[in-house]
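Undergrad: Got a predicted model here, sequence first, then my questions.
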Amino acid sequence: MLGAWGLRVHGVGFVLSSELCPRGAIAVPAPRGCAGAAPGVFSKQSGQKRGTRAQIMARGAQLCLHPDPALSPDKLVVALYDYEPTHDGDLGLKQGEKLRVLEESGEWWKAQSLTTGQEGLIPHNFVAMVNSLEPEPWFFKNLSRKDAERQLLASGNTHGSFLIRESETSKGSYSLSVRDFDQNQGETVKHYKIRNMDNGGYYISPRVTFSSLHELVEYYSSSSDGLCTRLGKPCRTQKPQKPWWQDEWEVPRESLKLVEKLGAGQFGEVWMGFYNGHTKVAIKNLKQGSMSPSAFLAEANLMKNLQHPRLVRLYAVVTKEPIYIITEYMEKGSLVDFLKTSEGIKLSINKLLDMAAQIAEGMAFIEAKNYIHRDLRAANILVSEALCCKIADFGLARLIEDNEYTAREGAKFPIKWTAPEAINYGTFTIKSDVWSFGILLTEIVTYGRIPYPGMTNPEVIQNLERGYRMPQPDNCPRELYELMMQCWKEQPEERPTFEYMKSVLEDFFTATEGQYQQQP
């Protein structure tokens, strides 16, 4: 466990990552970029050139408009990126290559190249259907309004950057999201509904109609005509990391190469390393005796099926002691350490609240799956290169066989984050996680300050029993403090759900604004 290990990260940013946060997971499809590309890691060294990407997208668009009638259109895909085969049975890809999909199963699809005739498994997130909008660089299929804002406001995008996404509320409809600059709000994102015509066309304003979304993009790229600005470049994406290879769950220790030690703590070490020489991963090795290998394997089998863009992906395990846990690698390390860096300390309250919303989203998924984290705090949240937050180490706390950690008097027990009923009676529920989330909110808004500053653990316990609660931190909005206080209600059933907190935090500053701009 990162947090329990008291992990310290060397330098500005380094621990477990994905460059833009993955595109989704087997059970949870998710969009390109921050909210999703296939689970895993985006490589900083991908060397992907935007010009090449744009060219292949253009070719994909031509395929989309002029599909080969001899081919089955619903099974024809075009490669968006090169892919070098690294496994027994996978198939290499060249940008622009067309393939016929023979079988869709999980994250690796069986396909046949129409260039070479060869068959093999291909990473599903490296291709797009040619008879669809998916090859277009501006089309982001399963992207929420909030994630559209996150991506467009990320570094690398500029005034006029845009994307088109499927509407969350109107099936079969689309929305246009554009990055703009507002004198009062600064960099912001404006959203426009793209309305469908009875004859199959589209319009934003009824004054100007289009037969296709391509025409709409071309028109508003040359003239704003009532939009906040003329459309510029499509929202940036980065080449995704290929999905984890099938059936590689219990792996031999020899398949892992430990490269750089990132931190150490009471229960072991965290390393950056490589699996089979080609896949960058984070590797945690647990000290012998810290937990039962059989109990760990049983819990890990549950954890590996909890897949969501806001949860750190568990890839594989080494079950012989010392136990190794192999997860995706997150460039900027733990949230508690990142907030203290020169980059983290400059984050605006808007960005801090967005990070809180991302964590609430991940916990809402855990809540819906009737799972419990048991050790929710900023040390167990990891940050990607694109400042996406992911929850780590869910469920591991109950496996630790160490009285210093399991007994409330123990020096390692995270008293300051733990709900009173969990401290006093060992009762851990999703509602005790809600209490911990309230404490985590104080860590975020104070840039990593330890909760209950100046108090010892015994003093915290005594004060909580008297009804004491942390006062409102400096620079903390009143409404956010009110949410913290709801998390710290004495009766667990009176505390809010994570789903509720996700909705509150996502719309914290926009609750009274219209979701969409009026038509021009």
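TA: Everything's here; your move.

Undergrad: Am I right that M272 falls within a helix?
TA: No. Residue state for M272 (DSSP: H, G, I helix; E, B strand; the rest coil) corresponds to strand; a helix is not indicated.

Undergrad: count of neighbours near it?
TA: Other residues near M272 come to 19 when the count uses other Cβ atoms under 10 Å. In short, each C-beta sits where N, CA and C put it, glycine included.

Undergrad: Quick check: bridge partners of it?
TA: Beta bridges link M272 to E260, A282, judged by DSSP bridges.

Undergrad: which residues of the stretch 51-200 of the chain score low on pLDDT?
TA: Residues of the stretch 51-200 of the chain meeting the criterion pLDDT under 70: 51-74.

Undergrad: One more: the chain?
TA: In the chain, residues with pLDDT under 70: 1-74, 246-247, 265-267, 395-412, 510-520.

Undergrad: repeat that with 50
TA: Applying pLDDT under 50 to the chain picks out residues 1-73, 401-407, 411, 511-514.

Undergrad: how about the helices of it, start to end?
TA: 50-65, 145-152, 213-222, 293-303, 335-338, 349-368, 403-406, 420-425, 430-445, 457-465, 478-487, 498-506 (DSSP state H).

Undergrad: and K280, which of the ones you listed is closest to it?
TA: Using Cβ to Cβ as the criterion, the shortest distance between K280 and those is 19.0 Å, found for helix 335-338.

Undergrad: could you dump the closest one to CSV, C-alpha only?
TA: Taking C-alpha atoms only, helix 335-338 is exported to CSV below (Å, rounded to 0.1, in the frame of the first residue of the first chain):
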residue,chain,number,x,y,z
LEU,A,335,-1.6,13.0,-4.8
VAL,A,336,-0.3,13.9,-1.4
ASP,A,337,3.2,14.3,-2.7
PHE,A,338,2.2,15.9,-6.0
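
Undergrad: Now do stretch 335-346: distance from first to last residue.
TA: Using Cα to Cα, to the nearest Å, one end of stretch 335-346 lies 14 Å from the other.

Undergrad: Buried ones in stretch 296-311, by neighbour count?
TA: Residues of stretch 296-311 classed as buried: F296, E299, A300, M303, L306, Q307, H308, P309, R310, L311 (neighbour count, 16 or more other Cβ atoms under 10 Å).

Undergrad: got TSV for those, with distance to Y81 too?
TA: Listed next are the buried residues of stretch 296-311 as TSV, based on distance: Cβ to Cβ, whole Å:
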residue	distance to Y81
F296	36
E299	35
A300	31
M303	30
L306	28
Q307	22
H308	24
P309	20
R310	25
L311	25
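
Undergrad: Would you point out the most distant pair within the residues you listed?
TA: F296 and P309 (24.9 Å).

Undergrad: re the thing from before, just name the closest of the buried residues of stretch 296-311 to Q95, please.
TA: Nearest to Q95 among the buried residues of stretch 296-311, counting by Cβ to Cβ, is P309 at 25.6 Å.

Undergrad: how far away is the closest one from G362?
TA: In this structure, P309 and G362 are 8 Å apart, going by Cβ to Cβ, to the nearest Å.

Undergrad: likewise S384?
TA: For S384, the distance to G362 - Cβ to Cβ - is 13 Å.

Undergrad: so what sits against both of those two?
TA: Common contacts of S384 and G362 (Cβ atoms under 8 Å, 6 or more residues apart in numbering): K390.

Undergrad: just the buried residues of stretch 296-311 now: which is nearest E107?
TA: Proximity of those to E107 was ranked by Cβ to Cβ; the top entry is Q307 with 10.1 Å.

Undergrad: correct me, but that closest one touches E328?
TA: No. The pair Q307 and E328 does not pass the contact test of Cβ atoms under 8 Å, sitting 11.0 Å apart.

Undergrad: quick one: buried residues of stretch 226-246?
TA: For stretch 226-246, by 16+ other Cβ under 10 Å, it's 227-229, 231, 233-245.

Undergrad: residue contacts, the residue nearest to F210 when sequence neighbours are not counted?
TA: Sequence neighbours aside, L216 is the residue nearest to F210 in space, at 4.3 Å (criterion: Cβ to Cβ, 6 or more residues apart in numbering). Contact partners of L216, counting by Cβ under 8 Å, 6+ apart, are L176, I194, Y202, Y203, I204, F210.

Undergrad: now the first one: how far from E168?
TA: L176 sits at a distance of 14 Å from E168 (criterion: Cβ to Cβ).
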